[in-house]
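>>> got a predicted structure here, sequence first:
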Amino acid sequence: MTAISDTARATRRLSLRNINFALVIFVVLYAAIVVLQPNYLDAALFMNFLRRAAPLIILASGQLYVILSGGFDLSMGAVVTLVVLAASMLIGGDPEMTWVVIASLYAMGLAVGLANGFIVSFLKVPSIIATLGTMLLVNGLALAWSGGAPRGDLPDNFRNLGRLVLKDVPLVGSLPIAVLILVVVTLLAWWGLHATAYGKRLLAVGDNPRAAELAGVPVKPTRISAFVISALSAVTAGILIGGFSGVSVNAGRGLELQAIAACVIGGALLLGGRGTVVGALFGALSLFALFTLLNLLGLPQALRDSLQGVILIAAVGASVLRHRRST
Amino acid sequence: MQFRSILAATLAVAFSTAAYAQEFNDPAEFKKQRELLSTKAEGPEGKPWEQHLGGAMIDTAKFKKDGPHTICFSNAGVFNPWRVVGLNNMKGEAALQKDRIQELVILDAEGKDDKQISDIQSLLDGGKCDVLIVSPTTTAALTPAVEAACEKLPVIVFDRGVNTKCPVTYIHPVGGYGFGITSAEFIASKLPKGANVLAIRIVPGVDVLETRYSAAKSIFDEAGINVIGSEFTSSDRAKTKSVVEDYINRGVKIDAVWMDAGDTATAALEAFEDAGLPYPVISGEDQQDFLRKWQKENLVAIAPSYPTYQWRTPIIAALDILDGKPVPGPEWNLPQPAITQETLASYIDERMPALHYSLCGCQELPGYPEQWGGK
């Protein structure tokens, strides 16, 4: 009898611990939204919420790889801006160009990711400085190329990736293309991190690079690949943002910090070694729910910014405290 | 470790917009600008950049000098599309008058007061300038630098002003209150009492934008129209669209959208499209993308302006001053037209980029449209 109840308690404790704290934060924030605005329970509105949150979730998943490897990627927002501006200038409104240009956008992302990775791995520049440098470089390039004002146009087949909502889909009702892309990217990110030997190596590198190296982990290629994954996710997010709302020189501003904040709310340890894709997912959703909630509350801007700060610090603090207790 | 986490969160907070309250509601200025809007312009027909609304003329005989001249310009910066178009207009005007200009020296302050103060100093120290044009970053900080320049050569200030009367003239369109009056009066004329309007704004605390809102707000209040929200979007299209979607989801009918600047007007309209709702009455600005959308969708709309053609005027003024010809001063009020349904078609130019400001007065300048990013 005692043995059974002990096991039961152990399982329960285990399952409680397995619930990501960011999920709790997200549910609380979303519940607050629903209290203010009950129609957010509609499937269509929830899907729309996901459509808007998709770029941030994708950014957070990519950023997570770099954070786990023990670094930061501050160049993400700049890559998003570059992608949006480059897409409109290269496509120039011609729908036949869309897919070719998307391929070249990924090539640009690959170049930025490789540059970040090489600077960090071979020149031994701390990633926060290295990616700050690429951030300025990429932003400057994007602005110089566009002449400070966006040119060109995005055709509908490009815009649809971030904008189109499929109606009358079985089970879910309406389904934005962006949510489909989000599901695929999140599954890929989850698989890469939690189902492959590569994921284990990444954690090992972030936890203790010296030990990982002695154990035979190829530290440099692992680090470089993390930056590449991060940059490619930024390209994907940029395509969705450009699709959602069109060309803007401010498209990516501040997104890198939001992505980092999302990872931390999701329980990722800055400087590496611990974190999950599910955590990053709910961290990003929590952050986005917070933005939406503050919009709905209709508070004055100054108060809203302060409240956002307080809630962010509380969420991160709570998440960190919880992990310290549980380990 | 948790300190680092909190550090990251703090960074995220620090990057969100700082806001501060200030008084931008001056009834006397409001009244003055309302009168200027209906004042008949003096000067050559069809060339609003050479016209002026009332005011006195200043004698400049003492500045007369033989040409060609070196014109120096201390620019606050080129940090937004409005200033990009404006700077192109100024260069275009200089190219038009190239026989009379030896050189146009431009220093870019990159939006920093201290850089602009030292820019002005180095232009004065260089000794090449015959005349100095200043577009100040901020009013109070630049006043002493402008006063110092006035002692050495004729100075022309435009866009933002300075707290001194020493420049020969201060060139500017009617102003922020005028922008708010034009747009809000149009919206009020199209809506019944009790209708709802959503205000979409760029950032708080900027004088030229706050005055637009305060003017619009007083007109809406007068007309009994509810301002259901006033939201800041930092010129970010994704944020604009999200904010408008959130308001739509609240279930309150939005009859009109008022904007303090037009760069995200089409993003706001897309939120209505995506929700399957009819377009609201809207006030945007004179950017191409908004004008095209307006024509294509038959919107009920107005495009007030803070015309970029004001960047041509300082060059014209500089040459007049060095010729000893009288110029409007100490304030040169330029007309500030709005694009309406009647004039819409004439301002659309498919060759131009989306955020090109149509009231640039640049169509006849050398290098148009390529210099302005057109095809």
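Everything's here; your move.
>>> if I look at the residue nearest the centre of chain B, how far off is B:Pro173?
Compute the mean C-alpha point of chain B, and by C-alpha atoms, centre = their mean the closest residue is B:Tyr306, 4.0 Å away. Here the distance between B:Tyr306 and B:Pro173 works out to 6 Å (C-beta to C-beta, to the nearest Å). From N, CA and C alone the C-beta is placed, and that goes for glycine too.
>>> ditto for A:Val264
For A:Val264 relative to B:Pro173 (C-beta to C-beta), the value is 47 Å.
>>> looking at the two, which is more packed in?
When A:Val264 is set against B:Pro173 and neighbours are counted by other C-beta atoms under 10 Å in any protein chain shown, the residue ahead is A:Val264, at 31 against 28.
>>> can you give me the end-to-end distance of stretch B:154-165?
The first and last residues of stretch B:154-165 sit 12 Å apart, counting by C-alpha to C-alpha, to the nearest Å.
>>> mind checking how far that stretch is from the chain centre?
Distance of stretch B:154-165 from the chain centroid (C-alpha atoms, centre = their mean, to the nearest Å) equals 16 Å.
>>> what are the contacting residues of it?
With C-beta atoms under 8 Å, 6 or more residues apart in numbering or on different chains as the test, stretch B:154-165 has contacts from B:60, B:63, B:76, B:131-140, B:142-143, B:146-147, B:149-150, B:166-172, B:207-208, B:310-311, B:313-314, B:317-318, B:321-322, B:330.
>>> now it: average pLDDT?
Across stretch B:154-165, pLDDT averages out at 93.
>>> quick one: buried residues of it?
Buried positions in stretch B:154-165, judged by neighbour count with 16 or more other C-beta atoms under 10 Å in any protein chain shown: B:Pro154, B:Val155, B:Ile156, B:Val157, B:Phe158, B:Asp159, B:Arg160, B:Gly161, B:Val162.
>>> pull up the gap between the last one and B:Thr137, please.
Think B:Val162. In terms of C-beta to C-beta, B:Val162 sits 11 Å off from B:Thr137.
>>> ramachandran angles for the residue lying closest to A:Ala43 once chain neighbours are set aside?
Of all residues not flanking A:Ala43 in the chain, A:Gly173 sits nearest, at 4.6 Å (C-beta to C-beta, 6 or more residues apart in numbering or on different chains). Backbone torsions of A:Gly173, given as degrees, to the nearest 10, read phi 90, psi -80.
>>> quick check: bridge partners of A:Gly173?
A:Gly173 forms beta bridges with A:Val169, as assigned by DSSP bridges.
>>> identify the residues contacting it.
With contact set as C-beta under 8 Å, 6+ apart, A:Gly173 has these partners: A:Ala43, A:Ala44, A:Met47, A:Lys167.
>>> of those, buried ones?
Looks like the contacts of A:Gly173 have A:Met47 buried, using 16+ other C-beta under 10 Å.
>>> picking up where we left off before, the contacts of stretch B:154-165, buried ones only, as a PyMOL selection?
In PyMOL, this line selects whichever of the contacts of stretch B:154-165 come out buried by 16+ other C-beta under 10 Å:
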select buried, chain B and resi 60+63+76+131+132+133+134+135+136+137+138+142+143+146+147+149+150+167+168+169+170+171+172+208+310+311+313+314+317+318+321+322
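>>> so where's the chain uncertain?
The chain I'm using is chain A. Applying pLDDT under 70 to chain A flags residues A:1-18, A:325-327.
>>> ah, no, chain B please
B:1-23.
>>> so which bits of the stretch 201-327 of chain A are right by chain B?
A:241, A:244-251, A:253-254, A:257-258, A:260-261, A:264, A:269-271, A:291-292, A:295-296, A:298, A:300-302, A:305, A:308-309, A:312-313, A:315-317, A:319-321, A:324 (C-beta under 8 Å from any C-beta of the partner chain).
>>> looking at the residues you listed, which are in strands?
Using DSSP state E, no member of those sits in strands.
>>> quick one: buried ones out of these?
A:241, A:244-251, A:253, A:257-258, A:260-261, A:264, A:269-271, A:291-292, A:295-296, A:301, A:305, A:308-309, A:312-313, A:315-316, A:319-320.
>>> how about the residue in the stretch 1-150 of chain A positioned nearest to chain B, nearest residue that isn't a chain neighbour?
Chain B sits closest to A:Ala149 of the stretch 1-150 of chain A, with a gap of 3.8 Å, by C-beta to the nearest C-beta. Computed as C-beta to C-beta, 6+ apart, the closest residue to A:Ala149 that is not its neighbour in sequence is B:Pro81, at 3.8 Å.
>>> was I right about that neighbour contacting B:Cys360?
No - using C-beta atoms under 8 Å, B:Pro81 makes no contact with B:Cys360, being 11.2 Å away.
>>> which residues are in contact with the residue in the stretch 51-200 of chain B that chain A sits nearest to?
Proximity of the stretch 51-200 of chain B to chain A (C-beta to the nearest C-beta) peaks at B:Pro81, 3.8 Å away. Shown in contact with B:Pro81 (C-beta under 8 Å, 6+ apart): A:Gly148, A:Ala149, A:Pro150, A:Val249, B:Asp263, B:Gln287, B:Leu355, B:His356, B:Tyr357.
>>> please produce CSV containing those, extended by secondary structure and distance to A:Val120.
Compiled in CSV, the contacts of B:Pro81 are given as follows (DSSP: H, G, I helix; E, B strand; the rest coil; distance: C-beta to C-beta, whole Å):
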residue, secondary structure, distance to A:Val120
A:Gly148, coil, 30
A:Ala149, coil, 33
A:Pro150, coil, 31
A:Val249, coil, 28
B:Asp263, helix, 36
B:Gln287, strand, 41
B:Leu355, coil, 36
B:His356, coil, 40
B:Tyr357, strand, 42
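>>> got the residues you listed as a markdown table, with distance to B:Tyr177 columns?
A markdown table is the format used below for the contacts of B:Pro81 (distance: C-beta to C-beta, whole Å):
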| residue | distance to B:Tyr177 |
| --- | --- |
| A:Gly148 | 28 |
| A:Ala149 | 27 |
| A:Pro150 | 30 |
| A:Val249 | 28 |
| B:Asp263 | 21 |
| B:Gln287 | 21 |
| B:Leu355 | 24 |
| B:His356 | 26 |
| B:Tyr357 | 20 |
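>>> nearest to A:Phe26, of those?
Of all those, A:Val249 has the smallest distance to A:Phe26: 31.2 Å, by C-beta to C-beta.
>>> which residue packs closest to the closest one, ignoring adjacent ones?
Using C-beta to C-beta, 6+ apart, the closest residue to A:Val249 is A:Pro150 (5.9 Å).
>>> tally of neighbours for that neighbour?
Residues near A:Pro150, counting by other C-beta under 10 Å: 26.
>>> ok, A:Pro105 touching A:Ala87?
Just to correct that, residue A:105 is Leu rather than Pro. Yes - using C-beta under 8 Å, A:Leu105 makes contact with A:Ala87 at a distance of 6.2 Å.
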